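Participant: All I have is the shape, not the residue letters:
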C-alpha cells in the first residue's frame, strides 16, 4: 500500500504561481510512476502531468505545457507540480496518484490516490 498526501493548494490571481507537493509513504520501493490529475465541477478527471520516478520521463498535458512542471525528489519520496501563469480555467481539485510501472495517461490506470487539494484561480 502507498499513501499519498497532497499540499500546496490555495487561491491565487490569474498569472500567479503555486507549487503542489505530494508526499508518498508506505511501500514505495520499486518502480513507480506518479501523476497529477485535476477535476473541475461537472468535468471528468483529467491528467495534468506525470513522471516516472526511476527514469525521470515526464508527460505534460497540452493545456499546461510551458506553464506547469512536474519534478521529483526521490530521497524525500515527494513529487512536485510547479504551476506558473495560472489561468481561471486551471481552477479544480488537484489529485496526486501513483502506480507501479510506466506512466499512463488515464486515471483508471493509477492504483493509489491522495485526498486532493483545491486550486482556485481568480480573474
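Facilitator: Structure received. This is a predicted model, so every value here is computed, not measured.

Participant: Residue 16 in helix, strand or coil?
Facilitator: coil (DSSP: H, G, I helix; E, B strand; the rest coil).

Participant: How about the residue minimising distance to the centre of the chain: what's its closest non-neighbour residue?
Facilitator: By CA atoms, centre = their mean, the mean C-alpha position of the chain lies nearest to residue 36, the distance being 2.1 Å. Excluding the flanking residues, the one nearest residue 36 by CB to CB, 6 or more residues apart in numbering is residue 48, at 4.3 Å. In short, each C-beta sits where N, CA and C put it, glycine included.

Participant: Helix or strand next in line after the helix or strand harbouring that neighbour, which one?
Facilitator: Residue 48 belongs to strand 46-52 when assigned by DSSP states H and E. Scanning forward in sequence from strand 46-52 by DSSP H and E, the next helix or strand is strand 58-60.

Participant: model confidence over that following strand, on average?
Facilitator: In this model, strand 58-60 carries a mean pLDDT of 96.

Participant: Direction included, what does the helix or strand following that strand pair up with?
Facilitator: Next in sequence after strand 58-60, counting helices and strands by DSSP H and E, comes strand 68-73. Next to strand 68-73 in the sheet, as set by DSSP bridges, lie strand 78-83 (antiparallel).

Participant: Alright, that wraps it up for me.
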